[in-house]
Each structure stands twice: as structure tokens, then as C-alpha cells.
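> Please work out how this folds:
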Amino acid sequence: MAATPSNMMPLGTIAPDFNLLDVVTGKKVTLHSLKAEIATLIMFICNHCPYVKHVQDELIKLAHDYQAKGIAFIAINSNDVVNYPDDSPANMKQVAQEKSYPFPYLYDETQEVAKAYQAACTPDFYLFDNQLKCVYRGQLDDARPKNNIPVTGKDIRAALDAILVGQPVNPEQTPSIGCNIKWKP
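Below is the predicted model:
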């Protein structure tokens, strides 16, 4: 479990579009079919990473707290499932159903979406405004497995709250830390 930081996509970058499998519905979806009018949070996660497991319940709580306010949440798994079978689409569907994910959980089989977003780790977060411009990328909060800091989602909550009141998101942002994305050989 090597701690890998976010690459920190430049602020203002337009969200790359995608056409990915939603493992729960079995249908292909695009960014434009899922985005919201106010803002869209894209989360690179997976099933097996201890960093993701550590924040999983907060991701669900965040979605419940902010989806009703017009924020879309999208989770994407880009890991190599040959070497990491826990992250297979069937296992993704199982986790999404067991945890009652209130957001789509998408499978990036080619890993092209992760590369387009410059994703480096799980979890890795990207918040886009109503023009699909990146206004936040970085950590959920300061909590990490075994550091005894409570998981609150404070960094992303602050960014979402700023958008909801029409204020700019603070550009001082801390990279996320997590397991590296498991790239195909």
C-alpha cells in the first residue's frame, strides 16, 4: 500500500467526457448524461484500497447531503482487474449494492478516463462547476487510515458549500493521498 498523492489537474481544466459502463445498471453512460446543473464531483475509487474503505461511508453521506442541492456524484474505478480481481465489475456491483451507493459506479476498463483526468490514486477527487471547469481537486479531508483524524469530508464540503453560495472555491488545495491506480502492464 504505497501512499501516492494526486497529480492535481490544473484548475480551470474542462472535464474530459467519457462513455463508461455503470456496473449496477449494466448500461453505458456519459459525463454529459450524469452531470448536474450546479456542479459535478468525480471520484476515482475502487473496492480493495484501504484508503477508499476508510472514507467510503463519508462518500455516501456526502452524496446524500449534496445531491438534493443539485450536485452530481460519479464514482469511477480504473484499476487493472486482471491483477486486482477484487475490483472487477461484478465485485464493483456487489460493493455498490451492499453499501447502497447513491451514485453511479463506473468501470474504466481501458484506463483512458483515469489518464485523461490525470488520476493517480484512490481516492482521487475532482469537482467541476456548471461549465465543467475544474474548481477543486485534492483530498476529501485530512483523515487517513491509522492517523486517528476523524473522516468529515471537510475539504470537499467547503468546496461544495462555496459553489452553492456562488463564491469562488479556495484555490489552496491539498492533494489526496491513497493507493496508486493499478495500471495495466
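> Now for residue 121: which residues touch it?
With contacts defined as C-beta atoms under 8 Å, 6 or more residues apart in numbering, the neighbours of residue 121 are 4-6, 44, 51, 176-181. C-beta here means a position set from N, CA and C on the backbone, and glycine is covered the same way.
> Go ahead and measure how far stretch 94-103 is from the middle of the chain.
In terms of C-alpha atoms, centre = their mean, to the nearest Å, the centre of stretch 94-103 is set 14 Å apart from its chain centre.
> do stretch 29-42 as well
12 Å.
> in that stretch, what counts as buried?
Residues 29, 31, 34-36, 39-42 are the ones in stretch 29-42 that count as buried (16 or more other C-beta atoms under 10 Å).
> In strands, which of these fall?
Among those, DSSP state E puts 29, 39-42 in strands.
> Who's the closest spatial neighbour of residue 138, skipping the chain neighbours?
Excluding its sequence neighbours, the residue lying closest to residue 138 (C-beta to C-beta, 6 or more residues apart in numbering) is residue 173, at 4.0 Å.
> Residue 142 is in contact with residue 55, correct?
No. Residue 55 lies out of contact with residue 142 (C-beta atoms under 8 Å); the separation is 11.2 Å.
> out of the two, which sits in the more crowded spot?
residue 55 (27 against 14; other C-beta atoms under 10 Å).
> tell me the mean pLDDT over stretch 41-51?
On average, the pLDDT along stretch 41-51 is 94.
> circling back: any idea of the pLDDT on the residue nearest to residue 138?
Looking at residue 173, its pLDDT is 95.
> Specify the local secondary structure of it.
Counting by DSSP: H, G, I helix; E, B strand; the rest coil, the backbone at residue 173 sits in coil.
> Summarise which helices and strands the strand or helix carrying residue 96 is packed against.
Assigned by DSSP states H and E, residue 96 falls within helix 89-98. Applying 3 or more C-beta pairs under 8 Å, 6 or more residues apart in numbering; DSSP states H and E, one finds that helix 89-98 contacts strand 105-107.
> If you count contacts, what does the strand it packs on end up packed against?
With contacts taken as 3+ C-beta pairs under 8 Å, 6+ apart, strand 105-107 sits against strand 19-22, strand 71-77, helix 89-98.
> quick one: buried residues of the longest one?
Neighbour-count burial for helix 89-98, with 16+ other C-beta under 10 Å as criterion, is recorded at 89, 91-93, 95-96.
> Return the member of the residues you listed nearest to residue 62.
residue 96 (15.6 Å; C-beta to C-beta).
> contacting residues around that closest one?
Contacts for residue 96 (C-beta under 8 Å, 6+ apart) come out as 23-24, 105.
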